[in-house]
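*Asks:* Below are the sequence and a predicted model; questions follow.
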Amino acid sequence: MAVGTRGVVQVVLTTVTVATALSAFAFSFFFEQYMTDLYENMRGPVTTHGGKAYLPCVRAVLDGCSSNEHDQCETGCCPAGYECLIHPIVGLYCQDLQTVCGDRKFCMDYADILETCPTDTCASHQMAMRATMWSYILSAIGILFDLSDIIAFIRCPDSIMVKSSINMISSLIKWAAFGAVLGAGVPNFLADLETASCFNKDGVQLVGESMGVFVVFAIVQVTSAILSLTLAPFSAYWGGKLIGVPYAK
């Protein structure tokens, strides 16, 4: 007996749900990596990625010139291309010789030279990083539930309660993954970071790419959450049956 229109719709919805969940997971991974790469050169030796160096306009001095131990700039306190200067509050820091900060105060707070995080900007950055990590983890959990839905679809098509519950839980987890970054103010923080212009050309470009990746992540994550919710009534009535209805138990 041929599979009816309803069965085809259910299969397509399930496939698109899993596809969007996988995409959301991938974009959450890229977003977390981009955020990490942006902050990587705030302290320690300069690192590059694919020939690109995301250099901040201001950053901490190298470990050998810690402000806790030195009060004067010395040779070798900063990486090549940076000048060692003295700030009245944070002490020694490095200033990029070629990049001018758009919003110097924001950039200094973002750099968190002393690693004490006393400012709202630093707190927002740390909150954004934590929320991004949790969003990444929750996205992965959402995929596990979607894969469990496929297993239930194949192995126990009559288990309407199990399958519909999986769809509902998957949707809630995906909403939580999206809500984590939204509630932490990640979009606002990214907008402020872009406006402040705290990086060289490569860094500014990465900030823009990070915003683009975040937008795509939000779209596919919300889409996947809606699709999981849409599948719930299908599962509650038909379970995994493409033809007919589940056997009563």
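*Replies:* On my side now, so go ahead.
*Asks:* could you list every residue that touches residue 220?
*Replies:* Counting by CB atoms under 8 Å, 6 or more residues apart in numbering, residue 220 makes contact with 20, 23-24, 27. Any C-beta I mention is one placed from the backbone N, CA and C, and that applies to glycine too.
*Asks:* Select from those residues every entry located in helices.
*Replies:* For the contacts of residue 220, membership in helices holds for 20, 23-24, 27, with DSSP state H as the criterion.
*Asks:* between the residues you listed, which has the most around it?
*Replies:* residue 24 (30 neighbours; other CB atoms under 10 Å).
*Asks:* pLDDT at that one, what is it?
*Replies:* Residue 24 is assigned 96 on the pLDDT scale.
*Asks:* Distance of it relative to residue 198?
*Replies:* When CB to CB, to the nearest Å is the yardstick, residue 24 and residue 198 sit 28 Å from each other.
*Asks:* show me the contacts for residue 20.
*Replies:* Residues near residue 20 by CB under 8 Å, 6+ apart: 220-221, 223-224, 227.
*Asks:* those helices in the chain, which residues are they?
*Replies:* Along the chain, the segments classed as helices by DSSP H run 5-39, 104-111, 120-155, 160-183, 186-196, 201-238.
*Asks:* Export these to TSV and append columns for distance to residue 76.
*Replies:* Supplementary listing: the helices of the chain in TSV, determined by distance: least, CB to CB, whole Å:
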stretch	distance to residue 76
helix 5-39	23
helix 104-111	20
helix 120-155	27
helix 160-183	39
helix 186-196	29
helix 201-238	24
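*Asks:* So which of the ones you listed is nearest residue 61?
*Replies:* Across the helices of the chain, residue 61 has its closest neighbour in helix 104-111 (11.1 Å, CB to CB).
*Asks:* Could you give me the buried positions within the closest one?
*Replies:* The neighbour-count criterion (16 or more other CB atoms under 10 Å) identifies 106-111 as the buried residues of helix 104-111.
*Asks:* which one of the contacts of residue 20 is nearest residue 164?
*Replies:* The shortest approach to residue 164 among the contacts of residue 20 belongs to residue 227, at 14.1 Å (CB to CB).
*Asks:* Compute the number of surrounding residues for the closest residue to the closest one other than its chain neighbours.
*Replies:* Distances taken as CB to CB, 6 or more residues apart in numbering place residue 17 nearest to residue 227, at 4.1 Å, with adjacent residues excluded. Using other CB under 10 Å, residue 17 has 27 other residues around it.
*Asks:* So for residue 17, what's the pLDDT?
*Replies:* pLDDT, residue 17: 94.
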